[in-house]
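In: After the sequence you'll find the predicted model.
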Amino acid sequence: MGATLLIIVASVLSMLAVVAVWANSIVRDTDRYVATVAPLASNPEIQAAVTNRVTAAVLAQIDVEGLVKELSDAAAERGVPPKVSTLIGNLDGPITSGIKQVVSTTVMKVVSSQAFETVWTNANRRAHAAVDKALTGSSDSVVQVQDNQVAIDVGPIVAQVKERLVDAGLGVASKIPDVHTSFVVVQGQDVGKVKTYLRVLQIVGTWLPVIAVLVAAGGVLLAFNRRRALIGAAVGVFLAMLLLGLTLTVFRSVYLDHLPAGADAGAAGAFYDALVRFLRSSVRAVGALAVVTGLGAFVVGPSRPAVFTRRFFGRGIASGREVAMSSGMRLGAVGSFVHRFKRWIGAAILLVAAVVLFTWNYPTMMVVIWTAVIVLVGFALREFLDTGPTPTA
C-alpha cells in the first residue's frame, strides 16, 4: 500500500516537475527564452495584430483634418474657385482612406521583413536581464505582464514605419512623435493567478524533478515485486504526461473562449502556443522515457512474451556470432571478460544512458528514443561478445 501511494505521488509530482523545469528555464535561460518568443516575429497572427496596432497608432498621430485644411487654404491662396475649395474640404474621407492604405501597406512590409525579426529577437534578448517578464510582470521590456494582460510594445516599429513613410513621400509622417504603444496578446482574469502559480514552480524548479525521482524510487524499493512496481511507476508517469498534454490543449480552448471583447484571439493563441511549445516537447520526452522504461522492465520479466523476445533476439545474435567465428573471428580474452562481467557491463550501459538523459539540456522525445536505441545496440553488442564460460581442461 505504501509503495502504491508513493508511486501515485511520484506520478503527480512528475507533472509539476515538468512544468517547473519549463518555468525555470524560461526565467534563467536567455537562449531558451529567445527561442521561445522568436518564432512569434514570423507568425501571421502576430504580424496581423502588430500591423493593425501600429497602423492605428500612426494614423492617430496624423492630423487629416489639418492636412485637408492646409490643402484648402493653399488652393484659396492661389485663386482656385470657391467650389473647388469646398470640394477639397470634403476630401477628408478619401484622404483618410488613402493614407490608411499607404500606412497599412508600409507597416505590413516592415513587419514581414527580416529586419522586424531581428529587432524582435534582439529586443527580447536584451530584455531578458529582467527575466521575470513572462511570470512576474515586473519588467518594462518588450513583453510585459500587467493588469492581467500580456502586451507587446510596438513603439520601435512605429519609428521604422515613420522613416519609410517619409522616404515614400508622405512628408506629414515626419511630424509623428516618438510613440510607445502596445497591443494585448493575452488577457484574462486568471492571468495573475497563473502567474503566481508559475512563479512558485519556477522557484522549486531545480529540486522538484529530483524529489519526483526519489519518491518513485522509494515506491519501487518498498514494493514486494520491484519489477512490477517499476512498470507501474512508468505507466503512472506516462498517464500523468498524457493528462498534462490534454490539459494544455483544453486550457487553450477554454482560455481563448473566455477572452474579453476586443482581444485579438489569433495573437493570444499564437502567444500561448509559443510559450508552451517547449513545455509540450518536455511532456513528449518524459512520456517517451516512461514508455521505454516500462518496456524495458517488462522485457526482463518472466512472462511468456518477454521470455520469447529475449530468446528470439538472443539466439539471433548467437547465430551471428557463430557465423563470424566460423569465418575466422576470435574473441579470446574479450569474450571471457564480457561473460564474467556481463551484469556490470549492462549496469554501466544503463548508467551512462541515465547520465546522458539527466545532463542533457532539455532532452526531446527524439533524444530519448535515440538513447534507447543506442542502449539496445549496447546490449546486443554485449551479447555478441559474450562467448560463454572459458572451458576447463
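Out: That came in fine, so what should we check first?

In: The closest residue in space to residue 49 that isn't next to it in sequence: how many residues sit nearby?
Out: The spatial neighbour of residue 49 that comes closest, neighbours along the chain excluded (C-beta to C-beta, 6 or more residues apart in numbering), is residue 267 at 3.9 Å. From N, CA and C alone the C-beta is placed, and that goes for glycine too. For residue 267, the count of nearby residues is 25 (other C-beta atoms under 10 Å).

In: Now do the helix or strand in which residue 267 is found: which elements does it pack against?
Out: Assigned by DSSP states H and E, residue 267 belongs to helix 265-299. In terms of contacts (3 or more C-beta pairs under 8 Å, 6 or more residues apart in numbering; DSSP states H and E), helix 265-299 is packed against helix 2-28, helix 30-37, helix 44-60, strand 182-187, helix 226-257, helix 304-326, helix 365-385.

In: Just send the ones you listed back as CSV, with distance to residue 334 too.
Out: Listed next are those as CSV, based on distance: least, C-beta to C-beta, whole Å:
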stretch, distance to residue 334
helix 2-28, 40
helix 30-37, 44
helix 44-60, 59
strand 182-187, 61
helix 226-257, 31
helix 304-326, 12
helix 365-385, 6
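
In: Distance to residue 358, mean pLDDT and mean neighbour count for these - can I get that in CSV?
Out: Shown next, in CSV, are those (distance: least, C-beta to C-beta, whole Å; pLDDT from 0 to 100; neighbours: other C-beta atoms under 10 Å):
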stretch, distance to residue 358, mean pLDDT, mean neighbour count
helix 2-28, 12, 86, 21
helix 30-37, 18, 80, 18
helix 44-60, 35, 79, 20
strand 182-187, 33, 56, 22
helix 226-257, 15, 91, 17
helix 304-326, 27, 87, 12
helix 365-385, 11, 92, 16
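
In: Now residue 213: closest residue in space that isn't a chain neighbour?
Out: Nearest non-adjacent residue to residue 213, counting by C-beta to C-beta, 6+ apart: residue 10, 7.7 Å away.

In: so the one you found makes contact with residue 239?
Out: No: counting by C-beta atoms under 8 Å, residue 10 sits too far from residue 239 to count as a contact (11.9 Å).

In: Need the residues touching each of those two.
Out: Residues touching both residue 10 and residue 239 (C-beta atoms under 8 Å, 6 or more residues apart in numbering): none.

In: and the gap between residue 56 and residue 115?
Out: 21 Å (C-beta to C-beta, to the nearest Å).

In: residue contacts, residue 46?
Out: With contact taken as C-beta under 8 Å, 6+ apart, residue 46 is in contact with 40, 185, 267, 270-271.

In: What is the lowest-pLDDT residue among those residues?
Out: Among the contacts of residue 46, residue 185 has the lowest pLDDT, at 52.

In: I appreciate the help and will end here.
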